[in-house]
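> what shape does this take:
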Amino acid sequence: MKKTALFESFDELDIRVGRVMSAEVALTRKPTYRLTIDFGPDVGIKRSCGAYRNYPAEALVGRLVIGVVNFAPKRMGPEVSEVLVLGVENSEREIIYLTPESDVPPGAAVF
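Predicted structure coming up:
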């Protein structure tokens, strides 16, 4: 377990629901997708790169995901990731996206 954090640290994060618009193979060393995600009118369209090998690219399009949208961009080889899409690792060490239980609009805030 990590050390106790102040609530203010969590409150600084802008975590939103987004809808994946496209998923393409990214130009990185490891198998990675470049996701284009719609985070609604307040945040707009953002890109994220991640190693999500257990998902076929076409299965990601239209899927709702949850992401931190106010981190500084991160370079991954020639790619730039603007958003951290949240997920958990299963017993096979595959990343499983966190997603809302029901349909919500892109841009909905997580709290």
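> what is the end-to-end distance of stretch 50-66?
Using C-alpha to C-alpha, to the nearest Å, the end-to-end distance of stretch 50-66 comes to 14 Å.
> list the buried ones in it?
By 16 or more other C-beta atoms under 10 Å, the buried positions in stretch 50-66 come out as G50, Y52, Y55, L60, L64, V65, I66. C-beta here means a position set from N, CA and C on the backbone, and glycine is covered the same way.
> what helix or strand does the third one sit in?
Using DSSP states H and E, Y55 falls within no helix or strand.
> helices of the chain, start to end?
7-11, 40-43, 57-60 (DSSP state H).
> how far does the longest one sit from its chain's centre?
Spelled out, that is helix 7-11. Relative to its chain's centre, helix 7-11 lies at 20 Å (C-alpha atoms, centre = their mean, to the nearest Å).
> returning to that earlier point: how about the helices of the chain, which one is nearest E24?
When those are ranked by proximity to E24, the top entry is helix 57-60, at 6.8 Å, counting by C-beta to C-beta.
> centroid-nearest residue for the chain?
Centroid-nearest residue in the chain: V85, 1.7 Å away (criterion: C-alpha atoms, centre = their mean).
> what's the closest of the buried residues of stretch 50-66 to P100?
Sorting the buried residues of stretch 50-66 by distance to P100 puts L64 at the head of the list, at 5.5 Å, by C-beta to C-beta.
> what bridges to the residue nearest to the centre of the chain?
G67 (DSSP bridges).
> need phi/psi at the residue nearest to R53 when sequence neighbours are not counted.
Excluding the flanking residues, the one nearest R53 by C-beta to C-beta, 6 or more residues apart in numbering is P31, at 5.3 Å. The phi/psi pair for P31 (degrees, to the nearest 10) reads phi -60, psi 120.
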